[in-house]
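Novice: Please find the sequence and the predicted model below.
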Amino acid sequence: MNEITQKIEKIISEHDVCLFMKGTPEVPQCGFSLAVSNMLKHLDVNFKGINVLDDNEVREGIKSFSEWPTIPQLYVKGEFIGGCDIVKEMFEKGELQNKLKEKEISYKTN
Amino acid sequence: MAIKLEEIKSLIKESIIDAEISIQDLAGDDNHFAATIKSKEFKGISKIEQHKLVYKALKGRMGNELHALQLNTIEK
């Protein structure tokens, strides 16, 4: 396993909910990262935003790690959940909420 | 760095032979697209695997020449 994969695995194992994104949850730099960040905020989920623009190794490494070519990428307890389209669809269908429940992550039910 | 709508369509068709594709250039800049793709190949696999099939068909262009492709994959 190379260094960057280890670094990514460490980040994912240290935080129950990780969002690899462009920008930060406070100041997203891309509409897709903004959208996923907003869904998590709406659900009041405590998540760690990792700004891939700060670290080019992570930016490229995360793509091969998940075999997924785009950012954002959401991970819950080590499981890759998806990018913006999938997370959005899951959110709208209530599947994201079910996934959080299944993984024992606290979130706000409206 | 841009890619034409027809090129995306033909790349997908090459790998996912039975794909029914409807695709839109969202911003008119050859860079932001939205596609709905129907195929029998999506049967019985997760959304992540479905999208990966499409990304694979695009042969590395996704995330490079192609910045944004909203995907909606449907089983046929």
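Specialist: Happy to help now that I have it. Numbering: from 1, shown residues only, chains lettered A, B, ... in the order given.

Novice: residues touching the residue nearest in space to the middle of chain B, list them.
Specialist: The centroid of chain B falls nearest to B:V54 when counting by CA atoms, centre = their mean (5.0 Å). Taking CB atoms under 8 Å, 6 or more residues apart in numbering or on different chains, we find B:V54 in contact with B:12, B:16, B:35, B:37, B:71, B:73. Backbone N, C-alpha and C define where each C-beta goes, glycine included.

Novice: which stretches of chain A aren't confidently modelled?
Specialist: A:1, A:110 (pLDDT under 70).

Novice: now the helices: where do they sit in it?
Specialist: Secondary structure of chain A, counting by DSSP state H: helices at A:3-14, A:31-42, A:56-66, A:84-93, A:95-102.

Novice: if we can go back for a sec, quickly note the distance from the residue nearest to the centre of chain B to B:I45.
Specialist: Distance of B:V54 to B:I45, given as CB to CB, to the nearest Å: 12 Å.

Novice: before we move on, back to that, I'd like the helices of chain A written out as CSV, with mean neighbour count and distance to A:F20 added.
Specialist: Formatted as CSV, the helices of chain A follow (neighbours: other CB atoms under 10 Å in any protein chain shown; distance: least, CB to CB, whole Å):
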stretch, mean neighbour count, distance to A:F20
helix A:3-14, 14, 8
helix A:31-42, 18, 9
helix A:56-66, 17, 5
helix A:84-93, 18, 12
helix A:95-102, 16, 17
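
Novice: need those helices in a markdown table with distance to chain B, can you?
Specialist: Putting these into a markdown table (distance: least, CB to the nearest CB, whole Å) gives the following:
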| stretch | distance to chain B |
| --- | --- |
| helix A:3-14 | 16 |
| helix A:31-42 | 7 |
| helix A:56-66 | 7 |
| helix A:84-93 | 5 |
| helix A:95-102 | 10 |
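
Novice: Dump those into CSV; add distance to A:T109 as well.
Specialist: Shown next, in CSV, are these (distance: least, CB to CB, whole Å):
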stretch, distance to A:T109
helix A:3-14, 26
helix A:31-42, 11
helix A:56-66, 29
helix A:84-93, 13
helix A:95-102, 7
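
Novice: Identify the contacts common to B:V54 and B:I45.
Specialist: Going by CB under 8 Å, 6+ apart, no residue sits against B:V54 while also sitting against B:I45.

Novice: In space, what's closest to the closest residue to chain B within chain A - neighbours in sequence excluded?
Specialist: When scored by CB to the nearest CB, chain A has A:P69 as its residue closest to chain B, at 3.8 Å. Nearest-residue entry for A:P69: B:G63, 3.8 Å, with adjacent residues in sequence omitted and distances by CB to CB, 6 or more residues apart in numbering or on different chains.

Novice: No more questions from me, cheers.
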